[in-house]
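Peer 1: everything below, folded, please.
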Amino acid sequence: MRYVRIENLKEGMVNCKPLFGKNNEILLNSGVIIRESYISKLKELGYHGIYIEDSISEGITPTVLIDDNLRIECVKSVREVYDKFSSNKVLNEEVIEDLKTCVDEIINSVLSNKELLINVIDLKGYDDYTYSHSVNVAVLSIATGIKLNHSKNVLYRLGMAAFMHDIGKIFVPKEIINKCGKLTNDEFALVKRHPLKGYELLKRGGNFPHYSCIGILHHHEKYNGTGYPIGLSGEDISLLGRIITISDVYDALTSDRPYREALFPSESVEYIMGGSGTLFDPDITSAFVRIIAPYPVGTCVNLSSKKSGIVVRNYPDFCLRPVIKILFHSDTPVEPYLIDLKNDPDARDVVITGVADF
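Peer 2: As a prediction, the model looks like this:
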């Protein structure tokens, strides 16, 4: 299978992964032949692309770190927490247990995956952004924690904090959260209060892990001290806060927001790498970029050598040097063959220049 961006989707292509709507209903099942009306509807719903099955992608299967059913259950649990807090500001033990179950299942799912590499495209759902973002940040944070060899106890607290990192936004008016233009100083001051409000809300309940509350409080602090709400720097920021801030920024960058379109994973990884040592803890940044596939398996790419093809394998420690199945020289089709950007001596001067349109 391969990923085709929505603008390159054509009638007659075959969808090969189920697409889910905001209420977790199946919008388009696997095996369905794409029609022009489907393409228009997918554009309207905000889809950036879909996975298709065709002759050039035969035998290529991206690794799935978190399956759709688990993601849907986690989104449902996060939604219930927000609904409970929005109505009565109380978090009961039953809802906490649901969150704990989700965290445990994500930890086990990630730990059971031999190749710890995340295709962010597979994380993207089309539920309400707040809920799906919370789940994505949890998955990214837990995977980073595993890459850093932290214990299950730390991973559990990290996951709980990541799920609830934005709960303080229930105190921010929705018109500010969804504003397309630049926020006023007063509006931004309200937004900057949400880590503290979330911390106070969860700490007051008494049944949420204290260390997780600290992670929520710190998730907008920056390594160089320019963050909020306290302005902490370096290791004065809790471990959970330092991990969650990277996951939070990365998922936001790869998501459509009211004020800009989503960036491609490769562009977002470059931003994270550029912030190492200033915005982000350098050791955590190094671990984070080793769990992200900037060019996921199934992505069509152009090379500086004027060749193009499809990514068939990624290397966690060399995220920008995947194995590529070459399909075209310039625009001329060729008999497919493999180039290993990491190990082929003849490919040392070759780099990926962008995503291909075929």
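Peer 1: contacts and neighbour counts: CA atoms only from here.
Peer 2: Noted.
Peer 1: residue 46: neighbour count?
Peer 2: Residue 46 has 11 neighbours, counted by other Cα atoms under 10 Å.
Peer 1: show the pLDDT at it.
Peer 2: Predicted confidence (pLDDT) for residue 46: 76.
Peer 1: what about it, distance to residue 18?
Peer 2: For residue 46, the distance to residue 18 equals 16 Å [Cα to Cα, to the nearest Å].
Peer 1: give the helix, strand or coil label for the residue nearest to residue 93 when sequence neighbours are not counted.
Peer 2: Taking Cα to Cα, 6 or more residues apart in numbering, and ignoring the residues beside it in sequence, residue 93 has residue 207 as its nearest neighbour in space, at 7.3 Å. Using DSSP: H, G, I helix; E, B strand; the rest coil, the structure places residue 207 in coil.
Peer 1: now do residue 339
Peer 2: Once three-state DSSP is applied, residue 339 turns out strand.
Peer 1: run a quick check on it versus residue 348, I expect a contact.
Peer 2: No: checked against Cα atoms under 8 Å, the pair residue 339 and residue 348 is beyond contact range at 10.6 Å.
Peer 1: between those two, which is the more surrounded one?
Peer 2: Using other Cα under 10 Å, the more surrounded residue of residue 339 and residue 348 is residue 339, with 19 against 12.
Peer 1: bridging residues for the more buried one?
Peer 2: For residue 339, the beta-bridge partners are residue 324 (DSSP bridges).
Peer 1: and it, what is it in contact with?
Peer 2: Neighbouring residues of residue 339 by Cα atoms under 8 Å, 6 or more residues apart in numbering: 323, 324, 325, 326, 347.
Peer 1: would you list these in a markdown table and tack on distance to residue 14?
Peer 2: Shown next, in a markdown table, are those (distance: Cα to Cα, whole Å):
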| residue | distance to residue 14 |
| --- | --- |
| 323 | 25 |
| 324 | 22 |
| 325 | 21 |
| 326 | 22 |
| 347 | 33 |
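Peer 1: among those, who's most crowded?
Peer 2: residue 324 leads the contacts of residue 339 on contacts (other Cα under 10 Å) with 25 neighbours.
Peer 1: from the contacts of residue 339, which one has the minimum pLDDT?
Peer 2: Lowest confidence among the contacts of residue 339: residue 347, with 92.
Peer 1: what about the nearest residue to it once chain neighbours are set aside, how many residues close to it?
Peer 2: Nearest residue to residue 347, sequence neighbours excluded (Cα to Cα, 6+ apart): residue 341, at 5.5 Å. As a burial measure, residue 341 scores 22 neighbours (other Cα under 10 Å).
Peer 1: now swap in residue 97 and tell me
Peer 2: 12.
Peer 1: OK, contacts around it?
Peer 2: With Cα under 8 Å, 6+ apart, residue 97 has no contacts at all.
Peer 1: make sure it is indeed in a strand.
Peer 2: No: counting by three-state DSSP, residue 97 is located in no strand; its state is helix.
Peer 1: which one of the contacts of residue 339 is nearest to residue 221?
Peer 2: Comparing the contacts of residue 339 against residue 221 with Cα to Cα places residue 323 closest, at 36.9 Å.
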